[in-house]
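# No sequence on hand, only this structure:
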């Protein structure tokens with residue numbers, strides 16, 4: 001006898017999901033200054049923050065210090081946020097491109113990124129970061145992989 005497919009619950013967007021998207025945007029704006037202490041107002045400590053390459057951090061000051069070694073400066077051109085309501089949490093995907101300068105002063109732009117946030121109780125509890133920086137650095141080094 002074939003398994004019976006059950007209908008999944010659909011959770012509609014709400015004021016809470018809109019607030020989660022706003023929290024994420026405020027966090028990202030503060031992070032770009034960079035002002036990790038203002039960014040920390042929007043997180044629950046310890047934050048579960050996984051950066052590119054699987055690097056683990058627990059506070060915005062740690063990711064700010066990492067970016068200070070990776071870039072001379074970097075900013076985000078935020079294109080959109082996709083919001084996924086859930087039970088007791090909201091997932092926010094912020095998508096766009098990075099622009100700035102590499103440590104040697106060479107400018108860059110159009111570097112794609114996706115940041116995934118989990119927001120619970122009005123605070124960011126988890127953030128996962130992906131971008132094309134490593135691919136761009138390989139290309140700059142003459143490595144076409």
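Done, it's in. Bear in mind that the values here come from a model prediction, so they are computed numbers and not experimental data.
# chain center to the helix ranked longest in the chain, what's the gap?
Among the elements of type helix in the chain, defined by DSSP state H, the one spanning the most residues is helix 15-32. Using CA atoms, centre = their mean, to the nearest Å, we find the averaged C-alpha position of helix 15-32 to lie 11 Å away from the chain's own average C-alpha position.
# For the helix or strand just after it, could you pull out the residues that count as buried?
The first helix or strand that comes after helix 15-32 along the chain, using DSSP states H and E, is helix 36-39. Neighbour-count burial for helix 36-39, with 16 or more other CB atoms under 10 Å as criterion, is recorded at 36, 39. Yep, even glycine has a C-beta here, placed from its N, CA and C like the rest.
# What helices and strands are in contact with the longest helix of the chain?
Helix 15-32 sits against helix 36-39, helix 60-70, strand 73-85, strand 90-101, strand 107-120, strand 123-131, with contacts defined as 3 or more CB pairs under 8 Å, 6 or more residues apart in numbering; DSSP states H and E.
# tell me the phi and psi of residue 132?
The phi/psi pair for residue 132 (degrees, to the nearest 10) reads phi -90, psi 10.
# Check the one 3 residues further on too.
Dihedral angles phi and psi of residue 135 (degrees, to the nearest 10) take the values phi -60, psi -40.
# if I look at it, how far off is residue 47?
The gap separating residue 135 from residue 47 is 26 Å, by CB to CB, to the nearest Å.
# More neighbours: these two, which one.
A side-by-side neighbour count of residue 135 and residue 47, using other CB atoms under 10 Å, places residue 47 first with 21 against 13.
# Helix or strand next in line after the helix or strand harbouring that one, which one?
When secondary structure is defined by DSSP H and E, residue 47 falls within strand 43-50. Next in sequence after strand 43-50, counting helices and strands by DSSP H and E, comes strand 56-57.
# and that next one, which strands flank it?
Sheet neighbours of strand 56-57, with direction, are listed as strand 43-50 (antiparallel) (DSSP bridges).
# May I see the buried residues of the strand it pairs with?
In strand 43-50, the ones that count as buried by 16+ other CB under 10 Å are 43, 44, 47, 49.
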